[in-house]
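Colleague: Test case, fold it:
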Amino acid sequence: MNLKLDRIISIATLLASLVAIVLVLKKPAPVAQPQASGAIAQHAQSFDQKMSDFQLATQAQGANSPAAASPEVPSRTLPSTDSKPEVHINSDEISAVLAQSLGGGELKPDANIGASAPAIKDQQVSFDGDLVHGQFLTEIAGKDVWVTVSGHLGEKDGYATFEPTEFKVGDLSVPVSLVNPTLQKKLAEQRDRLKLPDNVGSMKVENGELVMQGK
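Modeller: Sure, this is the predicted structure:
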C-alpha cells in the first residue's frame with residue numbers, strides 16, 4: 001500500500017511540475033494591444049509635447065508668473081493661483097516611449113534596457129484605475145517567457161517607487177511576498193535611474209492615467 005501511495009504521490013508531483021512548466025511558457029492574456037509604428041510615433045510626440053508644456057508651466061509657477069503673461073504655455077498645463085501644474089499621461093503614450101527607447105519604435109530581439117538587465121523582446125503597459133500593468137517578453141533558460149507585473153507607482157524623496165500587487169511568469173501566478181524583496185533590491189540598485197525630474201513633486205496612477213504634479 002505504501003508503495004502504491006508513494007507512486008501516486010510521485011505521479012501527482014510530476015503532473016504538477018508539468019502543469020507549472022506549461023503555465024510558465026504559456027502566453028498570458030495581453031494587458032494592452034500592440035501599436036502600429038505610425039501610432040507609436042504619434043503617441044511619443046504627444047508625450048514629448050505634454051512634458052514640454054509641463055516643464056514650461058512649472059517654470060512659470062516657480063517664477064510667480066501669471067498665466068496671461070506666458071503665452072508660450074498652453075492653458076491646459078498652466079498653474080492657477082490655487083493649484084500646482086499637472087500633466088496626465090495615458091498608457092498609449094507611455095508604451096510608445098518605451099517602444100522607441102527599446103528599439104527606435106520597433107522592438108528588436110537584442111534590445112535591452114541596461115547592461116545588467118535581461119533582453120526585452122516585447123512590452124505592453126496599461127493603466128487601470130490606480131494600478132499600472134506591465135508585461136514583458138524576455139528569455140529565461142533559453143525560452144521566451146512573458147513576465148507580468150502589476151502594482152502602484154508613487155514617489156518618495158524625489159524618486160519613483162513601485163509596490164507590486166501581482167506577479168506572473170507566463171500564466172503562472174507567483175506570490176508577491178516571494179518576489180517583492182528581490183524586486184525592491186533591484187530597484188535600489190537602479191536608484192539613480194528612478195530619480196524624477198526636479199520639477200516633479202508627486203507622481204501616481206489615477207483614473208487610468210499617470211499623473212505628475214509640479215512642486
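Colleague: can you give me the strands in the protein?
Modeller: Residue ranges of the strands in the chain, as given by DSSP state E, are 86-89, 122-128, 131-140, 143-156, 159-169, 172-173, 200-206, 209-214.
Colleague: any idea how far Phe167 is from the residue most central in space within the chain?
Modeller: By CA atoms, centre = their mean, the mean C-alpha position of the chain lies nearest to Gly134, the distance being 5.0 Å. From Gly134 across to Phe167, the span is 10 Å (CB to CB, to the nearest Å). From N, CA and C alone the C-beta is placed, and that goes for glycine too.
Colleague: and if you look at Pro30?
Modeller: 17 Å.
Colleague: ok, back up a step: nearest to Leu25, out of the strands of the chain?
Modeller: Closest approach to Leu25 among the strands of the chain (CB to CB): strand 143-156, 6.2 Å.
Colleague: any idea of the angle that closest one forms with strand 159-169?
Modeller: On the basis of axes from the mean of the first three to the mean of the last three CA atoms, to 10 degrees, strand 143-156 is oriented at 150 degrees to strand 159-169.
Colleague: List the buried residues of strand 143-156.
Modeller: 145-151, 153, 155 (16 or more other CB atoms under 10 Å).
Colleague: Which strands or helices does that strand pack on?
Modeller: helix 2-25, strand 131-140, strand 159-169, strand 200-206 (3 or more CB pairs under 8 Å, 6 or more residues apart in numbering; DSSP states H and E).
Colleague: is it possible to export the strands of the chain to CSV including distance to Ala60 and mean pLDDT?
Modeller: Output for the strands of the chain, formatted as CSV (distance: least, CB to CB, whole Å; pLDDT from 0 to 100):
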stretch, distance to Ala60, mean pLDDT
strand 86-89, 14, 94
strand 122-128, 28, 89
strand 131-140, 29, 89
strand 143-156, 22, 91
strand 159-169, 25, 93
strand 172-173, 47, 90
strand 200-206, 15, 93
strand 209-214, 10, 94
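Colleague: which helices and strands sit right next to the helix of greatest length in the chain?
Modeller: If you go by DSSP state H, the chain has its longest helix at helix 37-62. If you count contacts as 3+ CB pairs under 8 Å, 6+ apart, helix 37-62 packs onto strand 86-89, helix 91-103, strand 209-214.
Colleague: that older thread, mind checking which of the strands of the chain is nearest Phe54?
Modeller: Using CB to CB, the nearest of the strands of the chain to Phe54 is strand 86-89, at 3.9 Å.
Colleague: Contacts for that closest one, please.
Modeller: 47, 50-51, 53-54, 77, 209-214 (CB atoms under 8 Å, 6 or more residues apart in numbering).
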